[in-house]
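Asker: turn this into a model:
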Amino acid sequence: MSSAPALVARNVAKTVATGDTSLTILDDIELSLNAGDSLSIVGTSGSGKSTLLALLAGLDLPTRGHIELLGNNLASLDEDGRAAWRAARVGFVFQSFQLLAGLSALDNVLLPLELAGVRLSEARETARKLLAQVGLAHRTAHTPRQLSGGEQQRVAIARAFACRPAILFADEPTGNLDGATGAQIIDLLFALNAEQTTTLVLVTHDEALAGRCSRVARLASGRLHA
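Answerer: Alright, predicted model coming up:
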């Protein structure tokens, strides 16, 4: 495992305007995460976990401070440049699945591979293999509305790992699932993460899920406490 940092945040803050004043959501965030590590960020609802995840992944920019992801300062890129860079190196799993309703499970997993320019025959083979790994070999032709919540999240996990991301961000990945289904999803997430030696950052309010990571940090009053 490489000791090079996959993620560095220094003096990061995020404020938003509220009328004539500003609201500080995050302040003085300091974080360093080595390649291959797993980190859970725990906090109550409204603590700013999703905002922090968006900043770390380059989906949003901080008001102050510096974030370096996989050796790149994403603030030096414009929005299109950040999107293109993320597509090649970063995976996401969201609480709300974010599948395309008009596409089959296979095509949802296939999409990032096609966008990355992978040859169609190779992309289909990879997508089918990943769906089989998450237990959906028999559901490849089904659209999201024909799948249960747990099955949709399995498709989302397969899609997230399709391009073998160097780092994966997960935002409350079990938040819309019952306990038993959520436990199965987490087992799948960590199994694929170990297989691909991906760096993992997830936000959650679930202490059991947080405990599966090698590191736990807590977000309170806009500050991160290791």
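Asker: who's in contact with the nearest residue to Gly222 once chain neighbours are set aside?
Answerer: Distances taken as Cβ to Cβ, 6 or more residues apart in numbering put Asp27 closest to Gly222, at 4.6 Å, once the chain neighbours are dropped. Glycine gets a C-beta too; all of them are placed from N, C-alpha and C. If you count contacts by Cβ atoms under 8 Å, 6 or more residues apart in numbering, Asp27 has them with 13, 222-223.
Asker: tell me the bridge partners for Ile67.
Answerer: Ala9 (DSSP bridges).
Asker: and for it, the neighbour number?
Answerer: By the criterion of other Cβ atoms under 10 Å, Ile67 has 21 neighbours.
Asker: same check, this time on Leu74
Answerer: 19.
Asker: in terms of pLDDT, where does it sit?
Answerer: For Leu74, the pLDDT comes out at 81.
Asker: wait, it sits on His66?
Answerer: No. Contact criterion Cβ atoms under 8 Å: Leu74 and His66 do not qualify, at 10.1 Å.
Asker: relative to Ala54, how far out is Leu130?
Answerer: To Ala54, Leu130 is 25 Å away according to Cβ to Cβ, to the nearest Å.
Asker: surely Ala160 meets Phe97?
Answerer: No. Counting by Cβ under 8 Å, Phe97 is not a contact partner of Ala160; they are 10.8 Å apart.
Asker: which one of these two has more residues nearby?
Answerer: The neighbour comparison of Ala160 against Phe97 (other Cβ under 10 Å) goes to Ala160, with 26 against 20.
Asker: helix or strand: which one has that one?
Answerer: helix 149-161 (DSSP states H and E).
Asker: quick one, what contacts Gly71?
Answerer: With contact set as Cβ under 8 Å, 6+ apart, Gly71 has these partners: Ala4.
Asker: for Arg128, see how far away it is.
Answerer: Noted for Gly71: a distance of 33 Å to Arg128, by Cβ to Cβ.
Asker: for Leu192, see how far away the most centrally placed residue in the chain is.
Answerer: The residue lying closest to the centre of the chain (Cα atoms, centre = their mean) is Phe169, at 2.0 Å. Distance of Phe169 to Leu192, given as Cβ to Cβ: 14 Å.
Asker: ok, and for stretch 101-109, which residues are buried?
Answerer: For stretch 101-109, burial by neighbour count (16 or more other Cβ atoms under 10 Å) applies to 104-109.
Asker: what's in contact with that stretch?
Answerer: Applying Cβ under 8 Å, 6+ apart, the contact partners of stretch 101-109 are 99-100, 111, 124, 127-128, 130-131, 136, 139-145, 147, 151, 155-156, 158-159, 162.
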